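> pasting the sequence and the predicted coordinates here, then a few questions.
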Amino acid sequence: MHILIVDQSTIPVKKYGGTERVIWSLAKELVQMGHKVTFLVKAGSHCDFAKVLIIDETRKLAEQVPPDVDVVHLNVLPDGEMPKPYIVTFHGNINHQADLDLNTVFVSRNHAARFGSASYVHNGLDWNEYPKPLLDNPRSYFHFLGDASWRVKNVKGAIDVITKTKQERLKVLGGHRINFRMGFRLTLSPRVSFAGMVGGAEKTNLLQGSKGLIFPVRWNEPFGLAITESLYMGCPIFGTPYGSLPELVHNDVGFLSNNSTALAQAVEGADAFSRRLCHEYTADVFNSKKMAEAYLEKYQVVMNGGKLNKKHPRLQQVQQEKFLDWK
C-alpha cells in the first residue's frame, strides 16, 4: 500500500512537536510493515525512510497527490475533493458547531465522543527513538510539560500545586520565568525553575530526573503526548479530569482532580506509584505499532468505499466558559 501523509509542518521535529512526532512514528512503522509512505509537508523537511514532497501553498492539496498513491492521510482539513480514498485525523479542538468530514478520525475516545463520533485512534510513538528509562535513579523534582504561554495548559495551576507542598520542586519544560504573552507573568518561587522549550535528549534527560508530571489543563485535552512521554519515563501523572485524561490515566499511574490542594497531597505521595508500571503501561498501549495497525484498518474502510462516520461529526456542546473549573 502507498500512503500519502499530509501535514502543514516541517519534519523531523526540532523541539517538542506534537503532530510532527506522531506522523513520523506512524510513517516509520508503516514502512517497517512493508508499506510505502510519502510525506507532503512544508519546505525544510527531510526523511531517510520515506519520500518527501513539499507543499505548494498556491495549489489545492488534491492537485498535489501523486497518481500512484492508494490512500491519503490528511492531518489538515481537506480543501476540496480528494482524487484518492482519504482519512482526516483531527488533532485539536474547536468551540463552534460545524460539520467535519465523514472520514474524520479523532485521537481519543473522549475526543471523538464530544463530536458525536466513535472513530478514533490513540496517538502512539516509536519508543525505540527514546532512551531506555532509568527507573531506579534518584529523582528530585516534578515537571510541567507543554507550552506555558498557552493558558489552557495552566502552568500557573502547576505552580500553585507545587507551592502547596512542603518542599517539592517543579521544572517547567516549555516556558520561562518572565512571560509577557501572559500579561507579564513573573514567577518568584525559588522552588520553580524554567527550562524553556526543550526537545530531544535535553527533554528526555529532564524527564529521567522527574518524580511525576503536573498537568492541570483547563480544557478538554484531545490526547496529550506529554502524558504518554512522561509515563514512558516512569513519571506518574497528576492532572485534571478533563478530555482524554480519565481515558489515559488510570488509578495505578496517576491521580486526577481539579482541586489544587488535592493534587498537592497526591504529589507528596508520588513515591507510592510504580515507575515500572507507568513505563510498561505506556510502552504496551501507546506505541507506534498499535497506532499503525489501527490506521491500516481505517485505510481499508475508505479504500473499500466506506465512510468512517455515518454522519458528519459535529461538536455536541459549545463550551460557554473560557476555562474549565480549577480550584
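Happy to help now that I have it. Numbers count the residues shown, from 1 in each chain.
> give the helix, strand or coil label for L40.
Taking DSSP: H, G, I helix; E, B strand; the rest coil as the rule, one finds L40 in the strand state.
> now the helices for the stretch 151-300 of the chain?
155-163, 200-208, 225-232, 245-248, 260-268, 275-285, 288-303 (DSSP state H, counting those that start in this stretch).
> the third one vs helix 200-208, what angle?
Spelled out, it's helix 225-232. Counting by axes from the mean of the first three to the mean of the last three Cα atoms, to 10 degrees, helix 225-232 lies at 60 degrees to helix 200-208.
> can you map out the helices along the stretch 1-150 of the chain?
Under DSSP H, counting those that start in this stretch, the stretch 1-150 of the chain gives helices at 19-32, 109-113.
> packing partners for the first one?
To tie it back to what came earlier, the one meant is helix 19-32. The contact analysis (3 or more Cβ pairs under 8 Å, 6 or more residues apart in numbering; DSSP states H and E) places helix 19-32 against strand 2-6, strand 36-41, helix 288-303. From N, CA and C alone the C-beta is placed, and that goes for glycine too.
> just put the ones you listed in TSV and tack on distance to G254 and mean neighbour count.
TSV is the format used below for the helices and strands packed on helix 19-32 (distance: least, Cβ to Cβ, whole Å; neighbours: other Cβ atoms under 10 Å):
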stretch	distance to G254	mean neighbour count
strand 2-6	31	22
strand 36-41	34	22
helix 288-303	20	17
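> for A195, find the nearest of the helices of the stretch 1-150 of the chain.
In terms of Cβ to Cβ, the element of those nearest to A195 is helix 19-32, at 18.3 Å.
> for that closest one, give the mean pLDDT please.
Averaged over helix 19-32, pLDDT sits at 97.
> what's the answer for stretch 296-315, then?
On average, stretch 296-315 scores 98.
> equivalent analysis for stretch 154-168, please.
Mean predicted lDDT for stretch 154-168 stands at 96.
> using CSV, write out every CA atom in it.
C-alpha atoms of stretch 154-168 as CSV (Å, rounded to 0.1, in the frame of the first residue of the first chain):
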residue,chain,number,x,y,z
ASN,A,154,-2.4,26.1,33.2
VAL,A,155,1.2,26.4,34.2
LYS,A,156,0.0,28.7,37.0
GLY,A,157,-2.0,25.9,38.3
ALA,A,158,1.0,23.6,38.3
ILE,A,159,3.0,26.2,40.2
ASP,A,160,0.1,26.5,42.7
VAL,A,161,0.2,22.7,43.3
ILE,A,162,3.9,22.6,43.9
THR,A,163,3.9,25.6,46.3
LYS,A,164,1.2,23.9,48.3
THR,A,165,3.5,21.0,49.1
LYS,A,166,6.0,21.2,51.9
GLN,A,167,9.2,21.2,49.9
GLU,A,168,8.7,19.7,46.4
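> that one: how far from the chain's middle?
Mean-position distance between stretch 154-168 and its chain equals 23 Å (Cα atoms, centre = their mean, to the nearest Å).
> in it, which residues are buried?
154-162, 164-165, 168 (16 or more other Cβ atoms under 10 Å).
> between these, which is closest to S257?
V161 (9.9 Å).
> the closest one: what's it in contact with?
By Cβ atoms under 8 Å, 6 or more residues apart in numbering, the contact set of V161 is 214, 216, 238, 260, 263-264, 267.
> can I get the residues you listed in a markdown table including pLDDT, neighbour count and distance to G199?
Shown next, in a markdown table, are these (pLDDT from 0 to 100; neighbours: other Cβ atoms under 10 Å; distance: Cβ to Cβ, whole Å):
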| residue | pLDDT | neighbour count | distance to G199 |
| --- | --- | --- | --- |
| I214 | 98 | 31 | 20 |
| P216 | 98 | 25 | 23 |
| F238 | 98 | 29 | 23 |
| S260 | 97 | 21 | 29 |
| L263 | 98 | 27 | 27 |
| A264 | 98 | 20 | 29 |
| V267 | 98 | 22 | 25 |
